[in-house]
Each structure stands twice: as C-alpha cells, then as structure tokens.
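Peer 1: Generate coordinates for the sequence data below:
(chains A and B, ligands or ions: 1)
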Amino acid sequence: MSDTDPKDLAAYAEAADAWFRENVVADPGFMLPLTFMEVGTDQQFHFLQDWQHKVWEAGYLGAAWPKAYGGRGLSQAFQNAATRAMRRHNGPIMLNAIGINWTGPLLLDIGSEAHKLKYLKGIVSAEDIWCQGFSEPENGSDLGNAQTRAVRDGDDYVLNGSKIWTTLGRYAKYMILLCRTDPSAARKYDGLSFILTPMTVPGVRTVPIRKLTGEHGFTQTFFTDARAPADGLMGKEGEGWKVAMRTLEYERGARGGQAGGYVSVPSDAWDVLELARRMQRGGAPALADPVLRDQMVDFMIEIQSLSLCRDRLAIPALNTDRPMGLPLSSKLMSTEFGRRVNAFAVSLTGARGGYYVGDGNAVDDGVWTRAYLNAFSATIGGGTSQIQHNIIGEHVLGLPKS
Amino acid sequence: MQELGRIGFNEAQGDLLDVATVFCREQSPIARVRALIDSETGHEPAVWSQIAELGWLGVAIPEAFGGVGLSLTEVVPLVEQMGRNLLSTPFVSTTLAAQAILAGGTEAQQQAWLPKLATGAAGTLALVEASGDWDLTHVDCTAQDAGGGRLALAGQKLLVSDAATAAVIVVSLRFEGRPALALVEPGDLPIGALRRETIIDETRRAYAVDLTGATIGREALMDPERAADALAHIHLAANLLAAAEMCGGTQAVIDYTLDYARTRKQFGQLIGAYQAVKHPLVEAYVRYEQARSHLYAAAHSFAEQGTGEIATRMAKAIADQVFSYASDRAIQFHGGFGFTYDCDAQLYRRRAIWHASQYGDAGYHKKKLADLLL
Ligand SMILES: Cc1cc2nc3c(=O)[nH]c(=O)nc-3n(C[C@H](O)[C@H](O)[C@H](O)COP(=O)(O)OP(=O)(O)OC[C@H]3O[C@@H](n4cnc5c(N)ncnc54)[C@H](O)[C@@H]3O)c2cc1C
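Peer 2: Numbers count the residues shown, from 1 in each chain, chains lettered A, B, ... in the order given. Here you go, the predicted structure:
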C-alpha cells in the first residue's frame, strides 16, 4: 500500500467500513460506557481492552504512527477514514485514552527513541493501560500547586504523596505524573516535573473510589517511597508545567499525533428527539406539548451549533478576530450541552424517570439517567466548566485574571 | 435525520468580508452614528453613493439586470459588517425590495426596477400592519378594481423602513381574496401619506404609510401566481439579513463591554477580573460564535429547498437570543453609566429589540422549526 495513492486510500476506507460493519458488537449483553472516564466494571474494562486490541490488529488504530512503534506508517488521511468508519458503525470507544491521545503524541513529539520503542506499541494495542496523575486531593483546579514530591536518588525519583480521581487507575501500568521536584522554586509552576511512572512497583497503591452512579470508577493513588526511573522524565526537571500544558493541547486536538478513534460518544439531540416521540404526556405523545417542543428545538439548534463550529474551524477567514476562540470554547460548549440535554431526556421519561439502571421498567434500561450523571465527568474532568470560563475570558477575551 | 444546513464560505464572500470590514469601520465611527440619529433620513448620502459605487447593491441581482449575479450568500458578510458598526443606510431595504421583485415581479417590473435598484435607487417593503402579525400572508390592506385599469388601495402600512427615501415600495395587499404584492411609487401616494414613526432603534428610519386614497395601474401588480412564494422568500431573506446585522451587532457590543471590563476598576481591581462579570461575558461570547456559525451556514444553505428555511430560522433564533443577552448584560456591566444615553450599550439593546420585533423573534422561529423538524 502506498500512502499517497488515492486509490489505495479508497480501498482502505472501504475495507475499514466492511470491517467495522462486521465486527462491531451491537449488544454485548451489558451497558457499555460512553466515555473512557466512565469505565466502572471489570466486564466493561476487558471488553473494551479486547476491542481496542482488535481494532489495532486490523490496522484501524494508530495507522498513522510509524511502523517501528506499532503503527502502520500511513498518512493521517488513512486513520481519519478508519475513524469515520468506526463512527458510522457506532463502534465502542477506545479505552486507552490517556495513552493514545496524550502520552502517545507527547512521546512522538518529544520522547527519546528508547521511550518510543518501549511504550508506543503497548499504548496503541491497549496492552499497557495509561493513567494521568495530575489532580490531588488539595489541588485540583489549581493544578500548578501540585505537591506530590519527587526526589532524585541515583537513577530514580522517589515519590511521596497522593493523586486522586485517577481514571483507569486500578488497571494502569503507567502514569503520566505531574510532581514537585523543587519545593523552593519562586514560582509554583517552576518547581514541577513531568515523569512517566510505573504503577506496578512497590510503594504505589490505588484505592477505588465509588462514583455518583454507584460504580467503582477512578481511584486515589498513593505513593510511599515509590521509585520511578529517572529516564521517564519528560522535558527537563522544572519544565513539568510546560509539558503538562502541552499534553492538554493534544487532548483538545490543538496538536496532532493522536492514534485515532474516539474515546467518548457525544450526546446527540437526535436520540433525545427519538425518545421524545416515544414518551407520553396527557395521553398524547410528549412532542405534542408546546413547552417540550420549544425546549427540543433549542437543543436541535445547539447540537447544530456544535457541528457548525467544528466545521468552521476549517475556514480560516471566519476565524480571524479571535483564532483561539472556537478551539478553546469547544469543550465548554459540548460538555455543558451534554449535561443539559441528558437532564432534559430524563424529564421526558415522566414517572419512569424515577427508575435507575437495573430495573426492568426503566426507560431504555436507565441509560438517560446514567448518561446525565456521567455527563458531569466531562463538565468537571479535564478542567471544570468554571475554569473553562476563566480560560476563555482570560486567553480569548483578554480579561484580567480572576 | 433531516439536513439542517452546512457551513461553507466562498472566495467572493471572503473578498466582500474583507472590504466591508474596513469600509464599514471607516465610514461609521460611533460619533457619526450618533450624529445621524438627529438627521432626518438617518443616513449619510455620500456613504450611500459609495455603497452603490462599490456595486454592493447589485450583488444579489442577476447580470441580466445590471447586477453582479451572485446571491444573498454573498450579501451576508456585507450586512454583518454594517451591523457591527451600526452603519445605517437603506441597503437592506433596497436589497429586500430587489429580492421581492426577483421572486414575484413581472418581466416588465424586473426590467424596469432591478437595474435601478442595482445602482443606487432605494427601495423598500411595506408589509406590516396594525395587527403586528409576523405572518406576512395576514394582510388587511386592500386593492380593489377602480375601473379604467386602475386599482384603488385602502388601509395603513406600518414600520416601513426608509419609506421617505425609497423610489419604489413593494406593498402587500389583499386582492381578489388573496394576498398580492404591488409596486407603489411615491407619486402614487396622496400628500401626507407618510408619517415618520418613533421607533426603538433611533439609528433607523421607519414610516407609517397610509394607502387610502392611492390608486395604481394594474400593471403595478406583481405576478399573482407567485405572490405566496414571493412572500415566503421575503420572510426568509429578511430574517437572513437580520441575523447578519444582529451577529455583527453582538460582536460589537461584546467588544464594547470588554473594553469597559478591562479599564474600569472597583475595589482596587479591574471589574473584568470578577467572575460575576467575566463569566456572563464568556457566555455571551461563546453563544455569539455559535450564532455566527449558524449565520454562515444559513448564508451557504439559503438557496437549498427546505434546508435553507431551517438554517435561516435557526440563525435568526439564536441571533435574537444572543444579541438580546449580550446587549442586556452590556447595560448592566456599565453600571450607572450603562443607564445613560451616552453609553453605547443602549444603541445595541434598542437595536436587538428592533430586530426581535421584525419578521419574528426567537420564540416565533422556534415554533416554526418545531413544525419543520419534530
Ligand atoms: C470523571 C472524572 C475523571 C477524572 N479523571 C482524572 C484523571 O484521570 N487524572 C487527573 O489528574 N484528574 C482527573 N480528574 C480530576 C479533575 O481534573 C478535577 O476534578 C478538576 O480539575 C477539578 O478539581 P477539584 O476536583 O479539585 O475541584 P476544585 O478545584 O476544588 O473545584 C471545586 C469547585 O470550585 C470551582 N472552582 C475552582 N477554582 C475556581 C476558580 N478559580 N474560579 C471559579 N471556580 C472555581 C470548580 O469549578 C468547582 O465547581 C477527573 C475528574 C472526574 C470528575
């Protein structure tokens, strides 16, 4: 296959389409998570790990990563075609999100050859799960104040402290860790370092945390004299903040290099519309209610906004006044939409909105209530909506810092 | 799944956007906007001539009639920049009159009027009546056969933009039991038929037009077979251009408020540092970007049957929501100064009210969308 011949691309896209049509399991017999942050049970975890492995093996994940690192060495257009096929057939999400979207691109950009050889293939094949150790019990939004200590000792860093809300923490083999190497630095940001840290060494303990949905999702991670090899340092000592901010750019898609696929299924107004057609109010379809109709239309306008703003990014002439405006707003737009549209969906289900997953009378097995509760993972995780407002206000609109 | 419209942007739009951005900023500084409030016609004749010279009036008129041969798609960036700078001229009225004649005029009317409207004669539309109904097919003014090939008109039209400047007015009338459109010239109207109205947006001009006593020739009637389609087209075209003007206005009022938030200090710090000020401004900004995406999707999809209507109604609905919100917060965030006539926030707030009141507000368009989509 050559990566410049459009005939090859077309053939690849067609093969991907056929593969996903064939291989997507419509109903695994249990409810799949809608985002990687939601993975709650071993059953879900293993299903998704197998799924990502299978997609990778078939050549539809990491297609644009170099062959030497577990990729296929094709151009991005190939991977994009595969991702589109995945979406078209509603494939489950890719599990190893921190790996394929953040760590992978970071290593490809600034990692050493040894890093790349050691980590990338395990990331894309889902053999090695990665987690992110940024937030701490006392320092969440104020990430720059992270206090988990790392002290250089020979070829290792010795770690002490605790990280929290660690998604996939109990499954992870590695963590990208933001820690404090210099507590005396004049600026709190300058005392931070960014270290690739093994999770399966003595002194690292994870404790599951029960989520608002009742499932066990993320963990708290405790470090007690745990040793991380110093060659896992990304950038230089004291440059941890810069590296962490760079990983957030991969997360937002502001920088490329991601392995492909998607790690969450966005909320969709069309599904809610379909629900509204089925539900009843006063013996009539809920959609006959003028108030519900008005609200439904607002959501249709809003979902259309999200898709149009995404497409508008590709039109530079319509992004001249504030070029970072749309990129920095997209998380806030889409996550707040998700939260509100799912709350609306729950209200549409009437009295049965009182059920939850597990009761046979719950509408659509309780998926709406669960989706609403889980929607907060995105309005809180990755920087809360309030922090997003600050970021847009300060970095896009030029307002003074709060 | 229904098609809701896609965003696109062509080269001509890009060129016109660039030129209009500079032209409107230079020709419409806020001091001039305020000076024009006190003038009779509300616009600067020299600027109007320049707009004609730039060829903008002909953008959406076919070449066969002396126009540029593009469409409303390319008019949108022009109107957006006019709205951004509160630049008032009869441009939108004239463009809509031309659209009406294109959509429903006879061959002879098109030959007679489009070349003039393309080159600087102003036109307008007289559609609204005392009922205040946004449904343009609700017409109570009448035309009746007066013999000798003449029609006698009766009733009063309201909120006719730029009527005093217009060389031709497209009037909706009830004729033989159905809504019809006709071309009325100033000379057809009795003396004193025009009364300047006091409207919320002082940067514009609107007039009540008393048709009673006027007669027109039968040939002034537009094609009766196409009247319904023409009214539907006018409704959407007017909303598309309103959305453009509103998006521009929203951008400007957000910028105006940001300037204040970055310079006014209280309790020893800039008020923009307070999240009670900052976060609503971000809310307005994010919604504005969404509205602008809808605007350019509506511009791009306008000519597509069905999709054009959906995209245009969405664009007007969201533009109304965000312009109202942003201009309302603009008053609040200027404090006591915000309550003054001198503060520009009122100019935008008044304009947002005006646009909500003409051709349907957000609630109205959402009701229409519900019927189209749900
Ligand atoms: C499902 C989920 C998965 C997560 N996964 C990970 C992960 O894998 N790795 C990881 O490191 N972290 C993870 N997080 C943590 C997440 O990034 C933090 O929860 C988040 O940044 C907020 O920090 P906090 O919880 O300490 O809340 P706080 O910072 O204490 O915030 C509490 C409230 O105060 C508001 N607030 C705080 N500061 C300001 C301010 N300056 N202005 C206005 N309002 C403010 C916040 O918006 C919030 O509403 C996850 C969180 C969730 C919910």
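
Peer 1: Surely residue A:223 forms part of a strand?
Peer 2: Yes. Counting by DSSP: H, G, I helix; E, B strand; the rest coil, residue A:223 falls inside a strand.

Peer 1: Now do the residue in chain B positioned nearest to the ligand, the pLDDT please.
Peer 2: Per C-beta to the nearest ligand atom, residue B:275 is where chain B lies closest to the ligand, at 5.8 Å. Yep, even glycine has a C-beta here, placed from its N, CA and C like the rest. Per-residue pLDDT puts residue B:275 at 98.

Peer 1: ranges for the helices of the stretch 1-150 of chain A?
Peer 2: Along the stretch 1-150 of chain A, counting by DSSP state H, counting those that start in this stretch, helices occupy A:6-23, A:42-58, A:76-88, A:97, A:104-110, A:113-124.

Peer 1: most neighbours per residue, which of those?
Peer 2: helix A:97 (a mean of 28; mean count of other C-beta atoms under 10 Å in any protein chain shown).

Peer 1: Next one: that helix, is it in contact with the ligand?
Peer 2: No. Residues of helix A:97 contacting the ligand under C-beta under 6 Å from any ligand atom: none, with a closest distance of 9.0 Å.

Peer 1: Give me the average confidence score over that helix.
Peer 2: Mean predicted confidence for helix A:97 is 96.

Peer 1: do the same with stretch B:306-321
Peer 2: On average, stretch B:306-321 scores 98.

Peer 1: Would you mind listing the outside residues contacting that stretch?
Peer 2: A:297, A:300-301, A:304-305, B:2-5, B:236, B:239-240, B:242-243, B:246-247, B:250, B:287, B:290-291, B:294-295, B:297-298, B:300-302, B:352, B:355-356, B:359-362, B:365-366, B:368-369, B:372-373 (C-beta atoms under 8 Å, 6 or more residues apart in numbering or on different chains).

Peer 1: Going through those residues, which ones are buried?
Peer 2: A:297, A:300-301, A:304-305, B:4-5, B:236, B:239-240, B:242-243, B:246-247, B:250, B:287, B:290-291, B:294-295, B:297-298, B:300-302, B:352, B:355-356, B:359-362, B:365-366, B:368-369, B:373 (16 or more other C-beta atoms under 10 Å in any protein chain shown).

Peer 1: what's next to stretch A:76-92, contact-wise?
Peer 2: A:3, A:9, A:12-13, A:16-17, A:19-21, A:24-26, A:32, A:47-48, A:51, A:55, A:59-64, A:72, A:256, A:259-262, A:265.

Peer 1: can you list the residues of chain B near the ligand?
Peer 2: Proximity of chain B to the ligand (C-beta under 6 Å from any ligand atom) is limited to residues residue B:275.

Peer 1: so where is chain B shaky, pLDDT-wise?
Peer 2: B:1 (pLDDT under 70).

Peer 1: Give me the most central residue, it.
Peer 2: residue B:242 (4.2 Å; C-alpha atoms, centre = their mean).

Peer 1: Next, the buried residues of the longest helix along chain B.
Peer 2: Secondary structure of chain B per DSSP state H: the longest helix is helix B:227-261. For helix B:227-261, the neighbour count (16+ other C-beta under 10 Å) marks B:227-228, B:230-231, B:233-254, B:256-258, B:260-261 as buried.

Peer 1: Next: stretch B:341-354.
Peer 2: Going by neighbour count (16+ other C-beta under 10 Å), the buried part of stretch B:341-354 is B:343-354.

Peer 1: for the stretch 251-400 of chain A, what spans make up the strands?
Peer 2: Remark: strands assigned in the stretch 251-400 of chain A by DSSP state E, counting those that start in this stretch are A:280-281, A:284-285.

Peer 1: How about chain B?
Peer 2: Using DSSP state E, the strands of chain B run over B:123-126, B:142-147, B:150-154, B:156-161, B:168-175, B:178-184, B:194-196, B:206-210, B:215-217, B:265-266, B:269-270.

Peer 1: so which of those comes closest to residue B:29?
Peer 2: When these are compared by C-beta to C-beta, strand B:156-161 sits nearest residue B:29, at 23.0 Å.

Peer 1: what helices or strands is the closest one leaning on?
Peer 2: When contacts are defined as 3 or more C-beta pairs under 8 Å, 6 or more residues apart in numbering or on different chains; DSSP states H and E, strand B:156-161 sits against strand B:123-126, strand B:206-210.

Peer 1: now, of those strands, which is deepest in the fold?
Peer 2: Scoring the helices and strands packed on strand B:156-161 by mean count of other C-beta under 10 Å, the most buried comes out as strand B:123-126, with a mean of 27.

Peer 1: Give the pairing partners of that one; include direction for each.
Peer 2: strand B:168-175 (parallel) (DSSP bridges).

Peer 1: and the longest helix of chain B, what does it pack onto?
Peer 2: Against helix B:227-261 (3+ C-beta pairs under 8 Å, 6+ apart) you get helix B:72-84, helix B:91-104, strand B:178-184, helix B:275-301, helix B:307-333, helix B:345-357.

Peer 1: That one to helix B:275-301, inter-axis angle?
Peer 2: 150 degrees (axes from the mean of the first three to the mean of the last three C-alpha atoms, to 10 degrees).

Peer 1: Relative to its centre, which residue of the chain is most distant?
Peer 2: I went with chain A, as the question did not name one. Most remote from the centre of chain A, using C-alpha atoms, centre = their mean: residue A:283, at 41.4 Å.

Peer 1: look at chain B instead
Peer 2: residue B:268 (43.3 Å).

Peer 1: Please verify my assumption that residue A:242 contacts residue A:234.
Peer 2: No. Taking C-beta atoms under 8 Å as the definition, residue A:242 is not a contact partner of residue A:234, at 9.8 Å.

Peer 1: These two - which one has more neighbours?
Peer 2: Between residue A:242 and residue A:234, counted using other C-beta atoms under 10 Å in any protein chain shown, residue A:234 has the larger neighbour count: 25 against 15.

Peer 1: partners of the closest residue to that one other than its chain neighbours in the sheet?
Peer 2: Leaving aside its chain neighbours, residue A:234 sits nearest to residue A:194 (4.5 Å; criterion: C-beta to C-beta, 6 or more residues apart in numbering or on different chains). Going by DSSP bridges, residue A:194 is paired in beta bridges with residue A:178, residue A:234.

Peer 1: What residues does residue A:194 make contact with?
Peer 2: A:176-178, A:233-235, A:239-240, A:243-244.
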